[in-house]
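# one predicted model, sequence on top.
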Amino acid sequence: MTKEERFTEYYTNLSTVVYRYSLARAGDPELAKDATQHAFSEFFRFMDKVPDDIVKAWLFLCSKNKIIDECRKEATRQKVMSKTYRRETHIVSEDNTEALIDRMMQEQLSTRILCDLREKNESWYRIVVAVSVMEMSHDEAAEYLGISKQVLCAKLYRARQYLWKSFGKDYTEI
């Protein structure tokens, strides 16, 4: 199967889900479309590096990051346009080299964490993706996964303990 065929298959199967997730996060259909498009555009660029078993989570994360970036840009635009902030002469760019390097390191660590967690325990992986990547509440995640909230909380606690032991040093270095 060619890269384009694989991409088309992923797009066909996941674009609606990613759009719904983006719309729920952004609350704006245009921003949701942009975030979905960005996620799939980035996926096409990096699809050879993204393991098949975390594609959905990777797309959600990419979409979420785009929405956050756009919200930050909008907040920055509003500050600049405000009379109160017009006198400020120094605006720190969020796209500076150091911030980009930090973000790339965080994304690499996120990918390593999700891959390792999936290998260790599939149930933990699904719970962490639902709660941390998709940012569902515990009630929503429990319903989505078909388990009780108590079971979800217990497994989430164990997963977080495992992740802290396995990746705590890497996380604190970033």
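Done, it's in.

# what is the burial count for the residue nearest to Ser166 when sequence neighbours are not counted?
The shortest distance from Ser166 to any non-neighbouring residue, by CB to CB, 6 or more residues apart in numbering, is to Asp116 (6.6 Å). To be clear about C-beta, it is placed using only N, CA and C from the backbone, and glycine gets the same treatment. By the criterion of other CB atoms under 10 Å, Asp116 has 14 neighbours.

# which elements pack onto the helix or strand containing Ser41?
Under the criterion of DSSP states H and E, Ser41 resides in helix 29-46. Judged by 3 or more CB pairs under 8 Å, 6 or more residues apart in numbering; DSSP states H and E, helix 29-46 is in contact with helix 3-26, helix 55-81.

# need those in JSON lines with mean neighbour count, mean pLDDT and distance to Ala130, can you?
Below are the helices and strands packed on helix 29-46 laid out as JSON lines (neighbours: other CB atoms under 10 Å; pLDDT from 0 to 100; distance: least, CB to CB, whole Å):
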{"stretch": "helix 3-26", "mean neighbour count": "15", "mean pLDDT": "91", "distance to Ala130": "11"}
{"stretch": "helix 55-81", "mean neighbour count": "17", "mean pLDDT": "84", "distance to Ala130": "10"}
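
# quick one: closest of these to Leu109.
Smallest distance to Leu109 across those (CB to CB): 11.8 Å, for helix 55-81.

# any idea how far that closest one is from the middle of the chain?
10 Å (CA atoms, centre = their mean, to the nearest Å).
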